[in-house]
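**Student:** Kindly generate the corresponding structure for this input.
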Amino acid sequence: MTRTFDITPLRSLAAVASTGGVHRAAESLLITQSAVSQHLRKLEREAGVPLVSRNGRRIAFTAEGEELLSHARAILSAHDAAVARFDNRSDGAVVIGAAQNSAAVVLPIVMSRLRERFPDREVRFHLDRNATVRSMLDDAQVDVAVTSRVAPELTARTDGFRLRWLWSSTAEQPPADASVPIVSFSPPCTLRQPSFDAFSAIGRRWHLAAEVNDLATGLEAVRVGVGTMLVPVLDRLPDGTVALSCAPEPPAIQLGVAYTDVTRTDVSETVTQVLAEHIGVDRVELLHNAAFPRPA
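**Tutor:** This next block holds a predicted model:
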């Protein structure tokens with residue numbers, strides 16, 4: 001029997017990886033959690049192997065799941081490019097590209113406001129790496145791209161929207177004289193080099209313990225004690241994690257709302273305004289996509 005992987009379940013698979021869990025994936029796709037779970041089960045039936053493993057509310061990808069995820073992203077990218085090619089976007093969906101590492105902050109804030117602002121248009125998110133959503137913006141596959149950057153000119157915060165070093169809530173923390181294991185996104189990544197530099201700056205030994213390509217895998221690596229990861233947070237830490245003690249002060253972070261010459265002003269201004277209301281005017285920057293630095 002010929003296997004068929006439908007595009008909608010593949011989109012749910014990619015959203016789970018990008019947001020770090022079923023609940024946030026459902027929020028980003030504007031569907032229910034049960035629908036996302038059904039999509040994952042459908043893909044597993046079609047693949048004939050488990051794609052994810054679950055432990056309560058936690059979710060992690062199997063080796064086969066990681067492989068299918070890679071194919072899913074390529075399929076979705078080709079699909080969305082084809083849609084953009086034949087969609088003049090004048091009465092189509094409002095599509096927001098957002099970086100994975102800040103998706104948990106962006107989604108709850110922006111989603112409901114956009115649905116109120118554009119009641120007659122479908123609102124959806126594409127969650128991926130910073131570099132990917134920036135490229136999608138250049139290709140008119142998304143209306144704006146919400147990205148993150150380290151902002152050394154700003155003062156780092158102790159509450160609200162900020163970066164935190166996450167550690168497992170069940171694993172013993174590394175001794176002060178031990179090398180700190182770091183979990184990082186593979187390059188290009190905005191927070192990769194700053195993660196290394198922060199420990200080097202205080203003379204603390206560190207080593208790269210794991211490289212990941214999606215937030216769900218990174219958070220699961222933290223939860224099982226593989227290492228620490230630098231992650232943007234707003235009000236609370238992800239389930240199963242605590243703050244790493246004796247860690248260097250995280251750098252300040254800023255969200256950027258990137259637009260192009262064809263972006264509708266009401267979309268870019270709405271996204272910028274609602275983010276500024278929740279995380280502060282100084283923590284949100286609206287700039288043309290060509291003016292934003294590219295992640296290293």
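**Student:** tell me how far the ends of stretch 95-109 are from each other?
**Tutor:** 15 Å (Cα to Cα, to the nearest Å).
**Student:** What average pLDDT does it get?
**Tutor:** Mean pLDDT, stretch 95-109: 85.
**Student:** in the chain, which spans are strands?
**Tutor:** Along the chain, counting by DSSP state E, strands occupy 52-55, 58-61, 94-99, 123-128, 144-150, 162-168, 180-185, 206-212, 229-233, 241-243, 253-259, 284-288.
**Student:** right, so of the ones you listed, which gets closest to residue 136?
**Tutor:** Nearest to residue 136, of all those, is strand 94-99, at 5.3 Å by Cβ to Cβ. To be clear about C-beta, it is placed using only N, CA and C from the backbone, and glycine gets the same treatment.
**Student:** Provide the strand pairings for that closest one, with the direction of each partner.
**Tutor:** strand 123-128 (parallel), strand 144-150 (parallel) (DSSP bridges).
**Student:** Nearest to residue 83, out of these?
**Tutor:** Going by Cβ to Cβ, the one of those nearest residue 83 is strand 123-128, 11.2 Å.
**Student:** per-residue confidence averaged over that closest one?
**Tutor:** Rounded mean pLDDT across strand 123-128 is 85.
**Student:** ok, and what's touching that strand?
**Tutor:** The contact list for strand 123-128, computed with Cβ atoms under 8 Å, 6 or more residues apart in numbering, reads 14-15, 18-19, 28-30, 73, 80, 93-100, 103, 107, 111, 114-115, 133, 136, 141-142.
**Student:** Kindly format the C-alpha coordinates of that strand as PDB.
**Tutor:** This file holds the C-alpha atoms of strand 123-128, laid out as PDB (Å, rounded to 0.1, in the frame of the first residue of the first chain):
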ATOM      1  CA  VAL A 123      -4.600  34.100  10.900                       C
ATOM      2  CA  ARG A 124      -1.800  31.500  11.100                       C
ATOM      3  CA  PHE A 125       1.800  31.200  12.200                       C
ATOM      4  CA  HIS A 126       4.800  29.600  10.700                       C
ATOM      5  CA  LEU A 127       7.300  28.700  13.300                       C
ATOM      6  CA  ASP A 128      10.900  27.900  12.300                       C
END
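**Student:** For that strand, what is the distance to the chain centroid?
**Tutor:** The gap between where strand 123-128 is centred and where its chain is centred comes out at 10 Å by Cα atoms, centre = their mean, to the nearest Å.
**Student:** Ok, stretch 269-281 next?
**Tutor:** Centroid separation for stretch 269-281 versus its chain: 18 Å, with Cα atoms, centre = their mean.
**Student:** One more: stretch 223-230?
**Tutor:** That offset, for stretch 223-230, works out to 17 Å (Cα atoms, centre = their mean).
**Student:** What is the end-to-end distance of it?
**Tutor:** One end of stretch 223-230 sits 13 Å from the other (Cα to Cα).
**Student:** Only the buried residues of it, if you could.
**Tutor:** Using 16 or more other Cβ atoms under 10 Å as the test for burial, stretch 223-230 gives 223, 225-230.
**Student:** circling back to that earlier point, would JSON lines of the strands of the chain with distance to residue 196 be doable?
**Tutor:** Putting the strands of the chain into JSON lines (distance: least, Cβ to Cβ, whole Å) gives the following:
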{"stretch": "strand 52-55", "distance to residue 196": "30"}
{"stretch": "strand 58-61", "distance to residue 196": "25"}
{"stretch": "strand 94-99", "distance to residue 196": "19"}
{"stretch": "strand 123-128", "distance to residue 196": "23"}
{"stretch": "strand 144-150", "distance to residue 196": "12"}
{"stretch": "strand 162-168", "distance to residue 196": "13"}
{"stretch": "strand 180-185", "distance to residue 196": "7"}
{"stretch": "strand 206-212", "distance to residue 196": "7"}
{"stretch": "strand 229-233", "distance to residue 196": "10"}
{"stretch": "strand 241-243", "distance to residue 196": "19"}
{"stretch": "strand 253-259", "distance to residue 196": "16"}
{"stretch": "strand 284-288", "distance to residue 196": "24"}
